[in-house]
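1. Kindly generate the corresponding structure for this input.
(chains A and B)
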Number of protein chains: 2
Amino acid sequence: MKIVILGGGATGMGVAAKLKRNDKNNEVIVIETENYVSLGACGLPYFVGNHFENKNNLFARSIEKFNESGIEVKINQKFLNADFDNKKIDLEDQTISYDKLVIATGSTNSVPNISGLDDIKWHKLTKLEDALELKEKCKDTDVKNILIVGAGFIGLELAENLSKLGKSITIVERDEELFSRLYDEEISQLLEQNLQRNKIELILNSSVSEFKKSNNNKVLANINQTEFEYDLVVLASGFKPNTKFFKDSKLKMDNKGAIIVDEFGATNIVDVYSGGDCCVIKNKITNELCYSPLATVASKQAKVIANNICNINSKFSGTIQSSIIRVFDDSAARAGITEKEAISMTMKIKTVFIKDKDHTNYLKGQKDIYLKLIMNEDTKELVGAQMLGDPNSILRFYCLVPLIWNKNKVDESLEQIDLPYAPPFSRTFDIIHIALSKLV
Amino acid sequence: MKIVILGGGATGMGVAAKLKRNDKNNEVIVIETENYVSLGACGLPYFVGNHFENKNNLFARSIEKFNESGIEVKINQKFLNADFDNKKIDLEDQTISYDKLVIATGSTNSVPNISGLDDIKWHKLTKLEDALELKEKCKDTDVKNILIVGAGFIGLELAENLSKLGKSITIVERDEELFSRLYDEEISQLLEQNLQRNKIELILNSSVSEFKKSNNNKVLANINQTEFEYDLVVLASGFKPNTKFFKDSKLKMDNKGAIIVDEFGATNIVDVYSGGDCCVIKNKITNELCYSPLATVASKQAKVIANNICNINSKFSGTIQSSIIRVFDDSAARAGITEKEAISMTMKIKTVFIKDKDHTNYLKGQKDIYLKLIMNEDTKELVGAQMLGDPNSILRFYCLVPLIWNKNKVDESLEQIDLPYAPPFSRTFDIIHIALSKLV
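-> You can find the predicted model right below:
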């Protein structure tokens, strides 16, 4: 069987590798526009922040290694057209037929519509070259004041990394609260305080109305009717599905251009599969489709797609939009839906938000920890959790994920969950016990 | 209602506090043999290890605070007899009647039967005075070579703490492997290697056959037919229920003197309850009674007992014997049953033991992490988990506890569990995903 994969990111290379593990006779061809595959894009902010210097560390596997396992990787390709009826892909210099096609074109950064943007030099951080360029630029000690547009994961991780390089950082964010789609205001505000403590200027509820080049080769940004001067501008205002080639095709997409797939990873077109950042997936709590461009989703969908292509029955269960981020000395983790989302769904809920300590008072390093839980009052299922605390204690959040994932009911038995305790790690009643007890 | 509580440890004071929160009109009297209550005994090794100097840090609440909430605390009491028929307790200088009695006398250290033990000065670490005495002794720089008998939690935590004070430590342990009742050999051996790396001499499968006083005021211990000289000896060979006063009473106990209670915390005698380290409790996996003298159990049982006394229906769900320990630069956590236990129960099982890394390769501090899972092949339920890794990453173990606690089945959906990912905390496929995938 000949399988053509469009895109050499986490999904594409994940599908390729699994196809070969399932059956080494599968003919697998990956088509990639860049000159590399399997970039771990999550590492880019840390590469820019000089946590490491060898760019090869950003790659899970080299092209040579993929070739060794029998996968053909075509880099630097220009994709022109897909002929789904005749099962053919047109590239600039050749046409390739397929038995099965996997669309794993991933996402591309959303470029906000700001007046003057074309007149200035701006940066982004989605590809390897972006990182190399930004890293190089930041070596210049004259580059001091940096504006980041957008306070998402990349925006925040980059802010921390650049700040630690001695840069002065301003973030401008359209929403009224930080991470307002991921967290409720209790945690958002704690994260905002964290940025303030760490001298990151965060301008919420605002956007840049105009960019201008200044005389001294800097950038002038008009924010809330005031002009500020920056040495460098990074756009980090989110991602959108990289699917413009299919705009006029029969491929079923949502109104934002995300491909719609079923639980097997199949699109509406026969023998065409898709997964990862170019798709929408099922939210296990809302049962609605949602756009969740995360590496964790991509790699799990990849396995499901490869299995179904090989007639191994396999289903993707969906997402609870779990995520975690370290922000200086804090970290935050979340899963499920927020209180805001629950209210918008008119779900009857009970919530709790508490502050406690992460371990015993007599051992050094005891820190505050915060937990918010959201329970569906009708079903007694935990539908959301948000935690903020020290990076060394935040992994206790892992307890809450299976509770939401498996739709376990909150009751007295759950309140007694036998979490392990020792003085360096917790208190005899963990913050999770205390929060659960307030929902029973 | 007048409730008399025998014992001012975690269970006793937990019951007392909850009785008052449930109904401030409850008359609550706590009878304690020591001159303190609510000692956090888990802190003793760290107090000895000079992690802190103020002994008050070892107490969750002072007697004054308990008194303020209306709880009468009688310290320094000598308990003589319980007359269950007439609902009376005899102390040395008075007799107290009760409507409900709670036996929370906890545990006492097991003293092994070693020839010559009475002739030498030995230490233990269960009470405040033990810690004060040991801490004082260890200030003497002539106290260099220390023998610890028993490699349980206290033995190991004490070994680490004393070693960091510059002492040379030998541990002698009867069992063939370290923690053989808690871990299978894979993890036990990793912990043994840890002790070796950290210059703790561990003598397994051995015991002291004889103690003798040496001429220079040291102790001679005969281990495996060889005599070794030590400056100080600590016995840490486990705990047994502190119930000898009830030996000839009608109170139902197992053959080791542990009180048998039902899920409401009630004993076989009307209006007499018991909980904590003097009891056996139900193991949720085996459905057998087990002795699990841990603070986590005590505090949960306390709430159940207080509720039932107040006619609030409340049940204790049992234990999965979860525990965690830090040993120098490693930590280990476990829950459920071991492979050995499963085999002895003739349970049909599938196990996996893997080594992985705790986070991305490009961020500093990446460490090895090990995970063993035990699944019941017939029911597909996860019945046991054991992990070893860096103390900053071990809390991911919290994911496995609800899976065992809630008897979730291992299947493709669970393998896809949406754990949050970011480079400082994990890899896109966590070690938990990889291990689960090998059981599906």
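2. rest of the way, CA atoms for contacts and neighbours
-> Fine.
3. Number of residues surrounding residue A:288?
-> 11 (other Cα atoms under 10 Å in any protein chain shown).
4. And the residue in the stretch 201-350 of chain A that chain B sits nearest to, how far from residue A:98?
-> For the stretch 201-350 of chain A and chain B, the shortest gap (Cα to the nearest Cα) falls at residue A:323, measuring 4.2 Å. In this structure, residue A:323 and residue A:98 are 36 Å apart, going by Cα to Cα, to the nearest Å.
5. what's the offset of stretch A:380-387 from the middle of its chain?
-> Relative to its parent chain, stretch A:380-387 has a centroid offset of 20 Å by Cα atoms, centre = their mean, to the nearest Å.
6. With chain B in mind, check whether that stretch reaches it.
-> No - Stretch A:380-387 does not reach chain B (Cα under 8 Å from any Cα of the partner chain); its nearest approach is 11.5 Å.
7. ok, and what's touching that stretch?
-> By Cα atoms under 8 Å, 6 or more residues apart in numbering or on different chains, the residues outside stretch A:380-387 that reach it are A:183, A:187, A:285, A:332-339, A:369-376, A:394, A:397, A:400, A:403-404, A:407-411.
8. Tell me how many other residues crowd the closest residue to residue A:191 other than its chain neighbours.
-> Excluding the flanking residues, the one nearest residue A:191 by Cα to Cα, 6 or more residues apart in numbering or on different chains is residue A:178, at 7.3 Å. Residues near residue A:178, counting by other Cα under 10 Å, number 26.
9. that older thread, show me just the buried residues among the contacts of stretch A:380-387.
-> A:183, A:187, A:285, A:332-339, A:369-376, A:394, A:397, A:400, A:403-404, A:407-410 (16 or more other Cα atoms under 10 Å in any protein chain shown).
10. So which residues of the stretch 1-150 of chain A form helices?
-> Assignment of helices within the stretch 1-150 of chain A using DSSP state H, counting those that start in this stretch yields the ranges A:10-22, A:44-48, A:63-68, A:128-138.
11. you'd agree the residue of the stretch 201-350 of chain A closest to chain B is up against residue A:336?
-> No - at 9.8 Å, residue A:323 does not count as touching residue A:336 under the criterion of Cα atoms under 8 Å.
12. can you pull the contacts of residue A:355?
-> Neighbouring residues of residue A:355 by Cα under 8 Å, 6+ apart: A:368, A:369, A:370, A:371, A:431.
13. In strands only, show me these.
-> Judged by DSSP state E, strands contain the following of the contacts of residue A:355: A:368, A:369, A:370, A:371.
14. Turn those into TSV, including distance to residue A:291 and pLDDT.
-> Output for the ones in strands among the contacts of residue A:355, formatted as TSV (distance: Cα to Cα, whole Å; pLDDT from 0 to 100):
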residue	distance to residue A:291	pLDDT
A:368	33	98
A:369	29	98
A:370	27	98
A:371	25	98
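15. Let me know the closest of the residues you listed to chain B.
-> For those, the nearest to chain B is residue A:369 (14.3 Å; Cα to the nearest Cα).
16. near chain B, which residues of the stretch 1-150 of chain A?
-> Checking the stretch 1-150 of chain A against chain B by Cα under 8 Å from any Cα, the hits are A:42, A:43, A:46, A:51, A:52, A:57, A:58.
17. Contacts only, for the closest residue in space to the fifth one that isn't next to it in sequence.
-> Which is residue A:52. Spatially, and ignoring its direct neighbours in sequence, residue A:52 is nearest to residue B:362 (6.3 Å; Cα to Cα, 6+ apart). Residue B:362 sits next to A:43, A:51, A:52, A:57, A:58 when contact means Cα under 8 Å, 6+ apart.
18. Write a ChimeraX command that selects only the buried members of those residues.
-> This is how ChimeraX selects the buried members of the contacts of residue B:362, with burial counted by 16+ other Cα under 10 Å:
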select /A:43,52,57,58
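19. Report the two of the contacts of residue B:362 separated the most.
-> Farthest pair in the contacts of residue B:362 (Cα to Cα) is A:51 and A:58. Separation: 11.6 Å.
20. now the strands: where do they sit in the stretch 251-400 of chain A?
-> For the stretch 251-400 of chain A, the strands defined by DSSP state E, counting those that start in this stretch occupy A:259-260, A:272-274, A:279-282, A:289-290, A:323-327, A:330-336, A:349-357, A:368-376, A:382-389.
21. Now tabulate those strands in JSON lines and tack on distance to residue B:129.
-> Formatted as JSON lines, those follow (distance: least, Cα to Cα, whole Å):
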{"stretch": "strand A:259-260", "distance to residue B:129": "68"}
{"stretch": "strand A:272-274", "distance to residue B:129": "67"}
{"stretch": "strand A:279-282", "distance to residue B:129": "60"}
{"stretch": "strand A:289-290", "distance to residue B:129": "60"}
{"stretch": "strand A:323-327", "distance to residue B:129": "43"}
{"stretch": "strand A:330-336", "distance to residue B:129": "39"}
{"stretch": "strand A:349-357", "distance to residue B:129": "28"}
{"stretch": "strand A:368-376", "distance to residue B:129": "32"}
{"stretch": "strand A:382-389", "distance to residue B:129": "36"}
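22. Indicate which one of those strands is closest to residue A:11.
-> Using Cα to Cα, these put strand A:272-274 closest to residue A:11, at 8.7 Å.
23. how about the residues of the stretch 151-300 of chain A near chain B?
-> So the stretch 151-300 of chain A meets chain B at A:295, A:296, A:297, A:299, A:300 (Cα under 8 Å from any Cα).
24. Restricted to helices, list those.
-> A:295, A:296, A:297, A:299, A:300 (DSSP state H).
25. Make CSV out of the residues you listed and add pLDDT, neighbour count and distance to residue B:173.
-> Shown next, in CSV, are these (pLDDT from 0 to 100; neighbours: other Cα atoms under 10 Å in any protein chain shown; distance: Cα to Cα, whole Å):
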residue, pLDDT, neighbour count, distance to residue B:173
A:295, 92, 22, 47
A:296, 93, 27, 44
A:297, 94, 24, 47
A:299, 93, 22, 46
A:300, 96, 27, 45
